[in-house]
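Engineer: Sequence plus the predicted model coming up.
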Amino acid sequence: MCRRRRKKRDPEEPDDHALGRSRGGFSTKIHLICDAGGCPIHFETTAGQAHENASLVELLNGIDDELTTGAGEAVAWPAAIAGDKGYRAAWIDEMLLDMGVTPVIPSKANEDREARLAEFDKDRYRQRNIVERLIGWLKECRCVCSRFEKTALNFGGMIKMAFIQRYLKMLAP
């Protein structure tokens, strides 16, 4: 007779634990939003094969929670959001403009540039390297780049610990 225990499940834990197969192998994607100074504000993790814009709504909802007071008043809100071509879609431009945020996302090669809702600003797009440098720094954190943690919640905790370390280094004289 085989007795199987009932597994304890956290309702916030995704079924795939933010692990999946992509071209590079078994991987996890980390989607980040940071301020102009390179301080991380919010992140989301998805499986490696998930498309970039699949987690954009959760990412924006997360910064909405992070940048408001307990009474729901906005402390700060981004004036513009820059992203690579993976985030390029008409519905994304429309959603960001409805939120009062300027999308700074380049057009794809097969897309009509005149039909876009928002004008592309090259100067603002060059500032996207701030996010790229944050991701590069995050890859230097051993606990994040090697993903020793099995569950997505524990892995997210390691990312938060790395962010805390970054904030403390920025505050140190």
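Structural biologist: On my side now, so go ahead.

Engineer: which residues are contacting stretch 126-138?
Structural biologist: 30, 32-34, 36-38, 40, 82-84, 104, 144-145, 159, 162, 166 (C-beta atoms under 8 Å, 6 or more residues apart in numbering). All C-beta spots, glycine's among them, are computed from the backbone N, C-alpha and C.

Engineer: Let me fix that, I meant to ask about stretch 153-167.
Structural biologist: Under C-beta under 8 Å, 6+ apart, the answer for stretch 153-167 is 10, 12-13, 18, 28, 30, 39-40, 43, 45, 137-138, 141, 143-144, 147-149.

Engineer: What's the ChimeraX line that selects buried ones from those?
Structural biologist: Listed next is the ChimeraX selection for buried residues among those, using 16 or more other C-beta atoms under 10 Å:
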select :18,28,30,40,43,45,138,141,144,147,149
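
Engineer: Determine the longest strand present in this structure.
Structural biologist: In the chain, assigned by DSSP state E, the strand with the most residues is strand 25-34.

Engineer: neighbours around residue 23, how many?
Structural biologist: 7 (other C-beta atoms under 10 Å).

Engineer: and if you look at residue 112?
Structural biologist: Applying other C-beta under 10 Å, we find 8 other residues in the vicinity of residue 112.

Engineer: Phi, psi for it please.
Structural biologist: Summarising the backbone geometry of residue 112 under the convention degrees, to the nearest 10, its torsions are phi -80, psi 120.

Engineer: ok, now residue 151?
Structural biologist: Comment: the main-chain dihedrals of residue 151 come out as phi -90, psi 150, following degrees, to the nearest 10.
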